[in-house]
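Visitor: Quick one, fold the following:
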Amino acid sequence: MSTINLAMQNRPKPLLVVTDATANLSLPATKNVVKVTDVSRIFPSIHELQPYAIVLDHDFLGLETEKILRRLTVNPFYSKLKIYCHKSRPHTKVDGLLAVLGVQQFIYADTAKKPKASVTSKLLSYVFDVAGTKLIDVA
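Guide: Residues are numbered from 1 along each chain as shown. Below is the predicted model:
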């Protein structure tokens, strides 16, 4: 029994990505990334998998992003969870509100597609490199 618990403790924590099935967010297939496509499965997935970080697709979630962030910041259970937000483009007022609500870094689609190694692409690479080794789709 103790070997099972030890094996589960050594498994790397996943990266939770909340996006729709057709999103243009490039995810490496060989990393420990859990993709959630149903908004009602976000918090159950966090409790089940205990990820180290979550990437919220603002274009997919829309106004639900604010509600999710408020719930994440109010509950101390989520205090160690790193929060990233993927957006199609920057917006000063919206980004400011999301940052106050707990988003630690923004990943913009237009800057992530540029061929030069920008801060955004380096961040995206870092987030996916820290994750483990498996892609899981949670419906």
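Visitor: what's the model's confidence in the helix or strand V34 falls within, averaged?
Guide: Per DSSP states H and E: V34 is located in strand 33-36. For strand 33-36, mean pLDDT rounds to 87.
Visitor: can you check stretch 69-84 too?
Guide: Computed over stretch 69-84, the average pLDDT equals 91.
Visitor: try stretch 96-105
Guide: 93.
Visitor: what about Q104, neighbour count?
Guide: Other residues near Q104 come to 11 when the count uses other Cβ atoms under 10 Å. The way it works is simple: take the backbone N, C-alpha and C, and place the C-beta from them, glycine included.
Visitor: Is it correct that it is in contact with L81?
Guide: No - assessed by Cβ atoms under 8 Å, Q104 is found out of contact with L81, at 9.7 Å.
Visitor: hang on, the earlier thing: parallel or antiparallel, which strands does the strand holding V34 pair with?
Guide: strand 15-18 (parallel), strand 135-138 (parallel) (DSSP bridges).
Visitor: List the buried residues for the helix or strand following it?
Guide: Downstream of strand 33-36, the first helix or strand assigned by DSSP H and E is helix 42-49. For helix 42-49, the buried set under the neighbour-count rule, 16 or more other Cβ atoms under 10 Å, comprises 42-43, 45-46, 49.
Visitor: name the helices or strands packed onto helix 42-49?
Guide: strand 15-18, strand 33-36 (3 or more Cβ pairs under 8 Å, 6 or more residues apart in numbering; DSSP states H and E).
Visitor: From F60, how far off is K80?
Guide: 24 Å (Cβ to Cβ, to the nearest Å).
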